[in-house]
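Engineer: could you work out the structure for the sequence below:
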Amino acid sequence: MKMRVSAVQYHLHTIRSFEDFARQVEHYIKTAAEFGAEFVLFPEFFTTQLLSIGDEQGNALTIHDLPDFTERYRDLFSSLAMETKMHIIAGTHVVRKGDRLYNVAHLFYPDGRIAEQPKLHLTPTEVKEWTMTPGDSLQVFETDKGKIAILICYDIEFPEIVRMARARGADVIFCPSCTDDRHGFHRVRYSCHARTVENQVYVVTTGTVGSLPTVDFMRANFGQAAVITPNDIPFPPRGILAEGEINGDMVVTADLDLELLDQVRQSGSVTTWRDRRTDLYPDWT
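Structural biologist: All right, here's what the predicted structure looks like:
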């Protein structure tokens, strides 16, 4: 079975209305649809672009205002998923539950269902500056192409959580990210490669590009989309099936052959998933 995926290098720039945001989103969705994508991934925190709209006095909105856009965000992506018949991982959006803020990835199904995965590991900025709360559970999502998981940026840097996702049957990990410099970008990128080797899964990742001069902590972005494979003979030698141009405004598309994962798990040059030493360290189930 094959799965065609697209990853959006979302260009952040100042906008004036939610309609501006919706038009930009629709452009990327239509581009992915023209390439026949079945799954499309947006970056983490890309909805912070809405904060650049500002208030009536011309001041930028704050992170605490972002949940006010949640209903329109959900309506927009739900309608686009049903219209295009694609699975849309609409990056992350900040939602309010009670008096707490969460950074939540949303999966929009073609039949109108909406699933959520909150970020499990928070960065210092998310904790200290944005007073966010981490999620407390990992979800593995059933799709008509098999099981997937969504791990948000910093989450991918923790091997245990990806091991849990694979143990629950996930073959593809989608990793929306948002990094502001080369150091952060490469931490996420190298971690994605490590997770494909350890678990013999695909990782699809992307990040924000561009800048929001009026939005705190979103003034700088360094991003690149990539579709990453295990490092074995059926796959590209560098483990990169496709990647974008760094900091470019673009959509990257590739086909994932899920049967190849089964082949390398059983008879690859190395069989890291099968050879884990559960007698020495606990398995994640």
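
Engineer: how about the residue minimising distance to the centre of the chain, secondary structure?
Structural biologist: Centroid-nearest residue in the chain, with C-alpha atoms, centre = their mean: Pro176, separated by 2.1 Å. At Pro176, secondary structure determined by DSSP: H, G, I helix; E, B strand; the rest coil is strand.

Engineer: contacts only, for it.
Structural biologist: Listed by C-beta atoms under 8 Å, 6 or more residues apart in numbering, the contact set of Pro176 reads 41-44, 89, 91-92, 105, 150, 152-153, 205-207. Yep, even glycine has a C-beta here, placed from its N, CA and C like the rest.

Engineer: repeat that for 7 Å
Structural biologist: 41-44, 89, 91-92, 105, 152-153, 206 (C-beta atoms under 7 Å, 6 or more residues apart in numbering).

Engineer: hey, where'd the helices end up in the stretch 151-285 of the chain?
Structural biologist: 159-167, 182-199, 258-267 (DSSP state H, counting those that start in this stretch).

Engineer: can I get those in TSV with distance to Asp20 and mean pLDDT?
Structural biologist: Putting these into TSV (distance: least, C-beta to C-beta, whole Å; pLDDT from 0 to 100) gives the following:
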stretch	distance to Asp20	mean pLDDT
helix 159-167	35	96
helix 182-199	27	98
helix 258-267	37	96
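
Engineer: any idea which element the residue nearest to Val8 when sequence neighbours are not counted lies in?
Structural biologist: Among residues not flanking Val8 along the chain, Tyr28 sits closest, at 4.7 Å (C-beta to C-beta, 6 or more residues apart in numbering). Taking DSSP states H and E as the criterion, Tyr28 maps to helix 18-34.

Engineer: following that helix, which helix or strand comes up?
Structural biologist: Next along from helix 18-34, by DSSP H and E: strand 39-41.

Engineer: give the pairing partners of that next one; include direction for each.
Structural biologist: Its sheet considered, strand 39-41 pairs with strand 2-9 (parallel), strand 87-97 (parallel) by DSSP bridges.

Engineer: of all the ones you listed, which lies closest to Gln139?
Structural biologist: Among those, strand 87-97 comes nearest to Gln139, with 12.2 Å by C-beta to C-beta.

Engineer: mind listing what's buried in the next helix-or-strand element following the closest one?
Structural biologist: Using DSSP H and E, the helix or strand that directly follows strand 87-97 along the chain is strand 100-108. Within strand 100-108, the residues scored as buried using 16 or more other C-beta atoms under 10 Å are 101-108.

Engineer: strand 100-108: what's the following helix or strand?
Structural biologist: strand 114-118.

Engineer: adjacent strands (with direction) for that next one?
Structural biologist: strand 100-108 (antiparallel).

Engineer: would you put the C-alpha positions of the strand it pairs with in PDB?
Structural biologist: Output of strand 100-108 as PDB, limited to C-alpha atoms (Å, rounded to 0.1, in the frame of the first residue of the first chain):
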ATOM      1  CA  ARG A 100      -5.300  26.500  30.500                       C
ATOM      2  CA  LEU A 101      -3.700  26.800  27.100                       C
ATOM      3  CA  TYR A 102      -2.600  23.800  25.100                       C
ATOM      4  CA  ASN A 103      -0.600  23.500  21.900                       C
ATOM      5  CA  VAL A 104      -2.800  21.000  19.900                       C
ATOM      6  CA  ALA A 105      -2.300  19.200  16.600                       C
ATOM      7  CA  HIS A 106      -5.500  18.600  14.700                       C
ATOM      8  CA  LEU A 107      -6.200  15.800  12.200                       C
ATOM      9  CA  PHE A 108      -9.100  16.600   9.900                       C
END
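
Engineer: averaged pLDDT, that strand. What do you get?
Structural biologist: In this model, strand 100-108 carries a mean pLDDT of 98.

Engineer: any idea how far that strand is from the middle of the chain?
Structural biologist: When C-alpha coordinates are averaged (C-alpha atoms, centre = their mean, to the nearest Å), strand 100-108 and its chain have centres 11 Å apart.

Engineer: next: stretch 195-203.
Structural biologist: 16 Å.
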